[in-house]
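Participant: Any chance you could fold what I've pasted below:
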Amino acid sequence: MIRDTVDRARSLVPSERLRILAGEHLADPFHRALPDLPDSSYLVEPRAKGTCPVLAWAAWEIAREDPDAVIVSLHADHLIRPLEAFQQTVRGAVQVARKHDVLLTVGVLPDRIETGFGHIEPGERLEAGVDAWRVETFHEKPDADTARRYMDAGYLWNSGIFVWRASVFLREVERHASEVASVLPRLEKGPTAFFDEVPACVVDKAVLERSESVAVVRATFDWDDVGGWEALARVREADGEGNVLEGDATVVDGHGNLAYADSGRIVLFGVEDLVVVRTGDTTLVTPRERAPELKSLLSRLEESAS
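Facilitator: Residues are numbered from 1 along each chain as shown. Now for the predicted structure:
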C-alpha cells in the first residue's frame with residue numbers, strides 16, 4: 001500500500017517533489033519498500049504527536065522554498081481506483097486551492113451506512129460549475145441511524161485527503177492552533193526541538209473544525225479506508241460462515257468473526273461477531289460493532305502509559 005500510494009503521487013508530480021511523513025519506526029521499512037527514493041524525500045518525526053504538528057512541519061519546510069506551493073496530503077492506508085479518476089479529482093482540487101484561500105478536503109459519496117468515518121455537511125458551492133462546496137459542518141463518527149440520515153441528506157465521507165497552499169495552511173494554524181503555531185519557530189533549531197515541545201493534536205480538530213476557510217471537493221473515484229479492522233471484511237473473502245481469517249486463525253462453530261494473527265495462533269470456538277487480533281505480545285478481543293471505537297481506546301491507552 002505504501003508503494004501504491006507513492007505511485008499515485010508520482011502520477012501527479014515528479015519524484016523530487018514527494019515528501020513522506022513517517023515515524024522513526026517506519027523509516028527503515030519505507031526505505032526498503034522504496035529503494036529509489038533518496039533520504040531527502042523523508043520527513044521523519046522524532047516523536048509521534050499527531051497529524052497537525054507533522055503537517056505543519058511539512059508546510060513550514062515547503063513554504064521556505066515556495067509559500068504558494070500546493071500540498072496534496074495522501075494516506076497510505078487508502079484503497080483508491082481507478083487511477084485516472086483520482087488524478088482528475090486531485091488536479092481539480094489543486095486548481096481550486098490555487099484560486100481560493102481555502103483548505104480543501106476530498107469528500108466521498110457514501111455507498112453504505114458507515115459508522116467508522118467522519119461525515120461532512122456541504123454548504124454553498126464555491127463557484128458555478130465546480131464540484132466544490134464550503135464545509136458547513138464536520139460530524140464525528142455517527143451511530144447507524146444517524147449515518148443513514150446523513151447519507152439520505154447528501155453528506156460526504158471525510159476521506160482525510162487534503163489539498164491546500166502551504167501559506168494558507170500555516171495561516172489557519174496561526175489563527176486556530178496557536179498551541180502548534182507558537183512552537184513552529186523551534187524548527188529553526190531542527191525537528192527534535194519542535195516535536196519535544198509541541199502538544200499532540202490532530203489536524204481535523206485543531207484546525208479544520210475551527211476554521212471558516214474549509215471546503216470540500218467530491219471524489220470521482222472509488223475509495224475505502226482500510227485503517228480499521230472492519231475493512232478486512234471488505235477486502236478479504238469470508239468463509240461459508242462469514243468469518244474472515246488472516247494468519248494462523250481458526251473458527252469452530254462460530255460465524256461473522258474477524259480473526260487476525262501475525263504471531264502465534266488464535267482459535268475461536270462457539271462465538272459470533274467478534275474481532276480478535278493477536279500481534280506481538282498483545283491480544284485484542286472486541287465485538288465487531290465496537291471496532292470503530294478502537295482509535296479512541298488506543299488514545300486512552302497511550303495517555304495512561306505516558
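
Participant: what about residue 9, distance to residue 203?
Facilitator: Using Cβ to Cβ, to the nearest Å, residue 9 is found at 19 Å from residue 203. All C-beta atoms are positioned from the backbone trio N, CA, C, and that covers glycine.

Participant: before we move on, what about residue 223?
Facilitator: 19 Å.

Participant: These two: who's more crowded?
Facilitator: In this view residue 223 and residue 203 are compared by other Cβ atoms under 10 Å, and residue 203 has more residues nearby, 25 against 21.

Participant: From what I see, the more buried one and residue 55 are in contact.
Facilitator: Yes - contact status for residue 203 versus residue 55: in contact at 5.5 Å, counting by Cβ atoms under 8 Å.

Participant: Identify the contacts common to those two.
Facilitator: residue 162 (Cβ atoms under 8 Å, 6 or more residues apart in numbering).

Participant: Would you double-check that residue 58 falls in a helix?
Facilitator: Yes - under DSSP: H, G, I helix; E, B strand; the rest coil, residue 58 sits within a helix.

Participant: quick one, what contacts it?
Facilitator: Contacts of residue 58 (Cβ under 8 Å, 6+ apart): 19, 21, 43, 71, 73.

Participant: 7 Å - rerun?
Facilitator: 19, 21, 43, 71 (Cβ atoms under 7 Å, 6 or more residues apart in numbering).

Participant: can I assume the first one is in contact with residue 40?
Facilitator: No - counting by Cβ atoms under 7 Å, residue 19 does not reach residue 40; the two are 8.9 Å apart.

Participant: neighbour-wise, which of those two wins?
Facilitator: Shown here are residue 19 and residue 40; by other Cβ under 10 Å, residue 19 has more neighbours (15 against 9).

Participant: Scan the chain for its longest strand.
Facilitator: For the chain, the strand reaching the highest residue count under DSSP state E is reported as strand 258-269.

Participant: Give me the distance between that one and the centre of its chain.
Facilitator: When C-alpha coordinates are averaged (Cα atoms, centre = their mean, to the nearest Å), strand 258-269 and its chain have centres 27 Å apart.

Participant: on contacts alone, who are the packing partners of the following helix or strand past it?
Facilitator: The helix or strand immediately downstream of strand 258-269 is strand 274-279, counting by DSSP states H and E. Here strand 274-279 is seen to pack against strand 258-269, strand 282-287 when contacts are counted using 3 or more Cβ pairs under 7 Å, 6 or more residues apart in numbering; DSSP states H and E.

Participant: The helix or strand harbouring residue 249: partners in the sheet, and parallel or antiparallel?
Facilitator: Using DSSP H and E, residue 249 falls within strand 244-252. Here strand 244-252 has these sheet partners by DSSP bridges: strand 258-269 (parallel).

Participant: Contacts for the strand it pairs with, please.
Facilitator: 229, 232-233, 243-254, 257, 274-280, 288.

Participant: Check those residues for burial and list the buried ones.
Facilitator: 229, 232-233, 243-245, 249, 251, 254, 257, 274-278, 288 (16 or more other Cβ atoms under 10 Å).

Participant: Quickly check these for the two that are furthest apart.
Facilitator: 233 and 278 (17.7 Å; Cβ to Cβ).

Participant: circling back to that earlier point, can you redo the helices and strands packed on strand 274-279 as a markdown table with mean neighbour count and mean pLDDT?
Facilitator: Below are the helices and strands packed on strand 274-279 laid out as a markdown table (neighbours: other Cβ atoms under 10 Å; pLDDT from 0 to 100):
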| stretch | mean neighbour count | mean pLDDT |
| --- | --- | --- |
| strand 258-269 | 16 | 93 |
| strand 282-287 | 12 | 91 |
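
Participant: can you put those strands in CSV and add distance to residue 142?
Facilitator: Formatted as CSV, these follow (distance: least, Cβ to Cβ, whole Å):
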stretch, distance to residue 142
strand 258-269, 22
strand 282-287, 18
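
Participant: right, and the ones you listed - which one's nearest residue 195?
Facilitator: strand 282-287 (25.8 Å).

Participant: neighbouring contacts of the closest one?
Facilitator: 273, 274, 275, 276, 277.

Participant: How about stretch 230-247?
Facilitator: Contacts of stretch 230-247 (Cβ under 7 Å, 6+ apart): 79, 116, 224-226, 251, 254-262, 288, 291-292.

Participant: Let's see that with 8 Å instead.
Facilitator: With contacts defined as Cβ under 8 Å, 6+ apart, stretch 230-247 is touched by 79, 116, 224-226, 251, 254-262, 268, 275, 278, 288, 291-292.

Participant: Nearest residue to residue 216 in space, ignoring adjacent ones along the chain?
Facilitator: residue 107 (4.3 Å; Cβ to Cβ, 6 or more residues apart in numbering).

Participant: what mean pLDDT does the host helix or strand of the one you found have?
Facilitator: Secondary structure from DSSP H and E places residue 107 in strand 103-108. Taken as a whole, strand 103-108 has a mean pLDDT of 97.
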